[in-house]
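1. coords below, sequence missing:
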């Protein structure tokens, strides 16, 4: 009797069907959510670079999303970046920075980024970047007369920078400037011999006049007064000799806890003593691999770097969960559009 009563009771209980989870929609490389993640990633990379120039997004090469739970996704991005004319210390917003043209001997950056989107907020978890100049052959083929990038520690380049900085300091009534780093250099051999260089500087606690008496006492201003700048110099040695230099100081910028300005660059460098930042020695451009301070950046050989490899992660996930092929974005949705040009 008791069993019959229990059976009747169970039959009368309402039947609740499980509500299926909302289907996961794969992201394409040009989807707004992908572009939002790329924007966060690029800002992070530029904000944590030690040397060289800001980079702009050229194309989203690939994106993979691994759901972790409600409103919680891990995102893997592969980005193609291009160097701009803005130094990393420049306060100019990235959207106002001009991307260098192909004929300027462009520099491309390739980055793998791991991000998390939790409750709508996107944060960067790890990055792995490197950058390289386009091949000289490709530039020459398109523009035979265009000057090519040359080594940042080339003797002609360092001579030009030394002469230019001395010339500026000898004429300015403002602060004495010290070299932070040479950012870029090109040499043209025909029809005239021209050396072109770009370099970052820091204002010191000395006036240019005071530096004449005791230049060794001149030190960069502390973070709460810092004033960085950027110079361009051109030396013509043939058919006639000529030197032109132009420097612009950015004015004091308020450092952030994540990137205090003086910690983002090497200390002032004396090229007259044959010294340059080690990351520039023998190279034509500052490599993102060496100028980025992410603790799991590619200069670190820790096992954590492996988390940046999106393809193996996705493949393992599919193998373990055959019913969840959404862990890999369909290939037809990537790569995305080219915003500038493809190197």
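-> Sure, I can see it. Because the structure is a prediction, the values reported are computed rather than measured. Residues are numbered from 1 along each chain as shown.

2. Can you report how many residues lie near the residue lying closest to residue 333 once chain neighbours are set aside?
-> Among residues not flanking residue 333 along the chain, residue 28 sits closest, at 3.3 Å (CB to CB, 6 or more residues apart in numbering). Where C-beta positions appear, they are placed from N, C-alpha and C, glycine not excepted. When neighbours are defined as other CB atoms under 10 Å, residue 28 has 18 of them.

3. Now do the phi/psi pair for residue 28.
-> Main-chain dihedrals, residue 28, degrees, to the nearest 10: phi -90, psi 160.

4. show me the residues around it that make contact.
-> 34, 63, 329, 333-334, 336 (CB atoms under 8 Å, 6 or more residues apart in numbering).

5. Residue 195 now?
-> 156-157, 159-160, 185-187, 234-235, 237.

6. for residue 27, same thing?
-> Contact partners of residue 27, counting by CB under 8 Å, 6+ apart, are 33-34, 63, 65, 329, 333.

7. which SSE is it in?
-> Using DSSP states H and E, residue 27 sits in no helix or strand.

8. Roughly how far does it sit from residue 67?
-> 12 Å (CB to CB, to the nearest Å).

9. Could you do residue 35 as well?
-> 20 Å.

10. now residue 214
-> Per CB to CB, residue 214 is found 63 Å from residue 67.

11. so where is the stretch 101-250 of the chain shaky, pLDDT-wise?
-> Applying pLDDT under 70 to the stretch 101-250 of the chain flags no residue at all.

12. ok, back up a step: looking at the contacts of residue 27, which has the most residues close by?
-> For the contacts of residue 27, neighbours tallied by other CB under 10 Å; top is residue 63, 29 neighbours.

13. Next one, pLDDT for it please.
-> Looking at residue 63, its pLDDT is 94.

14. quick one: contacts for it?
-> By CB under 8 Å, 6+ apart, the residues touching residue 63 are 27-29, 34, 37, 75-78, 329, 334.

15. Now, these that are in helices?
-> If you go by DSSP state H, these have 34, 37 in helices.

16. Need the worst-confidence member of the contacts of residue 63.
-> Lowest confidence among the contacts of residue 63: residue 329, with 48.

17. got the buried residues for the strand or helix carrying residue 127?
-> Using DSSP H and E, residue 127 maps to strand 121-133. For strand 121-133, a neighbour-count test (16 or more other CB atoms under 10 Å) marks 122, 124-133 as buried.
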